[in-house]
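Trainee: Generate coordinates for the sequence data below:
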Amino acid sequence: MINKSPHSCNLNIWYYLPDQEWSKLSKLYESMPGWIGYKNGAAYWFGQEDDIFITASVEPSGLSFYAQLNNSDWNSWIERFKSEATKVLGFDVGEPEDGFS
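Mentor: Predicted coordinates:
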């Protein structure tokens, strides 16, 4: 992974989902490539702030991701996450800006 650049997105996974759904998402987090765990309540994959990384946190705007990766690795990873989250949660997961609610 070279030529890292910043990426971000919010997904239509809202903070008020039932605990049962968050439990499913927690298992999904752990199954995604690069999982390393939680730091101060935020999920991390691959590394932390001074490295190549992906982090996720729950915000009023939805599940928020921020990453420092090259474009192709980011696109591949986030598309896989959306696809797997759609299967796990039973609704289409995507960015509200793209019409997902």
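
Trainee: Only C-alpha atoms from now on, for both contacts and neighbour counts.
Mentor: Noted.

Trainee: Might you calculate how far stretch 89-101 sits from the centre of the chain?
Mentor: Mean-position distance between stretch 89-101 and its chain equals 13 Å (CA atoms, centre = their mean, to the nearest Å).

Trainee: go on, stretch 37-50?
Mentor: How far stretch 37-50 lies from its chain's middle: 11 Å, per CA atoms, centre = their mean.

Trainee: before we move on, what about stretch 39-55?
Mentor: Distance of stretch 39-55 from its chain centroid, counting by CA atoms, centre = their mean, is 11 Å.

Trainee: Pull out the buried residues from it.
Mentor: Under the neighbour-count criterion of 16 or more other CA atoms under 10 Å, stretch 39-55 has 43-48, 52-55 buried.

Trainee: Show residues contacting the helix or strand encompassing Ser72.
Mentor: Using DSSP states H and E, Ser72 sits in helix 71-89. Contacting residues not belonging to helix 71-89 are listed as 1, 4-5, 7, 21, 24-25, 28, 32-33, 67, 92-94 [CA atoms under 8 Å, 6 or more residues apart in numbering].
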